[in-house]
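Asks: Fold the following for me, if possible:
(2 chains)
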Amino acid sequence: MELVALFISAILINNFVLHYFLGICPFLGVSKKIDSAFSMGLAVTFVMTITAVITWVINHWILLPNNLEYLQIVSFILVIASLVQLVEMFIRKVSPPLYQAMGIYLPLITTNCAIMGLALLAALKNYSFVETVVFGVGSGIGFTLAIILMAGIREQLDLSDVPEPLKGAGIALIVAGIMALAFLGFSGMIK
Amino acid sequence: MTDSGVVISTTEGFAKVEVKCLIESCHKCAARSLCGPQKQTSRGYLTVKNPLQAAPGDLVRIKIPETQYNKALILIFGTLLLGCIAGTSGGYFLSSILPLASSVLSFLGLLLGILITGIWLFLYFRKKNKERLYPIIIDILKKGDTHG
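Replies: Sure thing, here's the model as predicted:
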């Protein structure tokens, strides 16, 4: 039951984009079409899950037993940077035309500050391995939900009469703020 | 999504096209001063399918299969994510049978899940999706000098 609560909490209440305001760059940059928002959300969910697991392993099997907690940030940065390279290499091997089209854009977008925030937050809350996986997947799904909702609203906004000075980033930030306020309504759901 | 570019070279069924689309969009990007790729290159090159037999020097219009890219990304990362979750769950449930810590088995399960789905994706894209993701030349806008 605790795992379910943690999962729902990561999606709705402690949403990385709308609660912690992390990962705003891809949230605004890749939320113009629902299709691309969904694919990007899945990519971020995968990277979040992997990062959560690997940083847990490094933290609990290497850093904490050797009293090296002060190396957390450095080692997590190293893990995330390596993940960028791995994702890039994997895409290049699996589908050269996709790699050619996306280039470094895809791993850079999927590896954002939300990933680092997730690793640090999971270490701070001292989750168990399974809790970390659930937290990683839930956070990724929360990110995907936020980016898809944003894409849906922005597709509608393209058809609306938005005042000239607010077009683009202006209206996107206002919408993001209103969405964050709306998500605050979930905060009393799980105690 | 379509774009235009100049054919640089051709091989059997494919052409290498020089495009300016990436650089043009870079000019509008707020992060252009920090972006490494923008500093390193001033041209973008794409390998595209060449059904119209365009020759080097031709100005061509190419169609980028954006929907196919999204489908491919969903397939790649969705499958890998499922592999992660299935592997972790499998390892976790195995810990009630095997005399090893659940975290060790879950971690090993996750690695195994990623390995299996990674290999499957590699084989799948090699067999079925090989040419679908390449952009395609849909029009020759201006003939180059190499035409007779």
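
Asks: longest single strand anywhere in chain B?
Replies: strand B:2-11 (DSSP state E).

Asks: distance of residue A:114 from residue A:85?
Replies: Separation of residue A:114 from residue A:85 (CB to CB, to the nearest Å): 19 Å. To be clear about C-beta, it is placed using only N, CA and C from the backbone, and glycine gets the same treatment.

Asks: For the spatially closest residue to residue A:113 that is not a sequence neighbour, which residues are in contact?
Replies: Using CB to CB, 6 or more residues apart in numbering or on different chains and skipping residues adjacent in sequence, the residue nearest residue A:113 is residue A:22, 5.1 Å away. Residues near residue A:22 by CB atoms under 8 Å, 6 or more residues apart in numbering or on different chains: A:16, A:112, A:113, A:114, A:117.

Asks: and of those, the nearest to chain B?
Replies: residue A:112 (12.6 Å; CB to the nearest CB).

Asks: mind checking which helix or strand of the chain has the lowest mean pLDDT?
Replies: All of this is about chain A. Scoring the helices and strands of chain A by mean pLDDT, DSSP states H and E places helix A:105-110 at the bottom, with a mean of 68.

Asks: right idea, wrong chain: chain B
Replies: Of chain B's SSEs (mean pLDDT, DSSP H and E), minimum confidence goes to helix B:36-40, a mean of 50.

Asks: between residue A:114 and residue A:85, which one's more packed in?
Replies: Counted by other CB atoms under 10 Å in any protein chain shown, residue A:114 and residue A:85 do not tie: residue A:114 has more neighbours, with 28 against 11.

Asks: the helices in the chain, which residues?
Replies: No chain in the question, so chain A it is. Counting by DSSP state H, chain A has helices at residues A:2-8, A:24-29, A:34-58, A:72-94, A:96-102, A:105-110, A:113-124, A:129-157, A:169-184.

Asks: The chain in question should be chain B.
Replies: B:21-27, B:36-40, B:66-94, B:102-127.

Asks: Now the phi/psi pair for the residue of chain B most remote from its centre, please.
Replies: Largest separation from the mean C-alpha position in chain B: residue B:99, at 42.6 Å (CA atoms, centre = their mean). Dihedral pair for residue B:99: phi -80, psi 50, per degrees, to the nearest 10.

Asks: Look at it and report its pLDDT.
Replies: Here, the pLDDT recorded for residue B:99 equals 83.

Asks: And for the one 3 residues further on?
Replies: The predicted structure scores residue B:102 at 86 on the pLDDT scale.

Asks: what's the spacing between the nearest residue to it once chain neighbours are set aside and residue B:108?
Replies: Closest residue to residue B:102 apart from its sequence neighbours, by CB to CB, 6+ apart: residue B:95 at 3.7 Å. The spacing between residue B:95 and residue B:108, counted by CB to CB, is 10 Å.

Asks: which residue sits closest to residue B:48, ignoring its sequence neighbours?
Replies: Using CB to CB, 6+ apart, the closest residue to residue B:48 is residue B:135 (4.4 Å).

Asks: ok, that neighbour touching residue B:62?
Replies: Yes. If you go by CB atoms under 8 Å, residue B:135 and residue B:62 touch, sitting 4.7 Å apart.

Asks: Name the residues contacting each of the two.
Replies: Residues touching both residue B:135 and residue B:62 (CB under 8 Å, 6+ apart): B:17, B:46, B:48.
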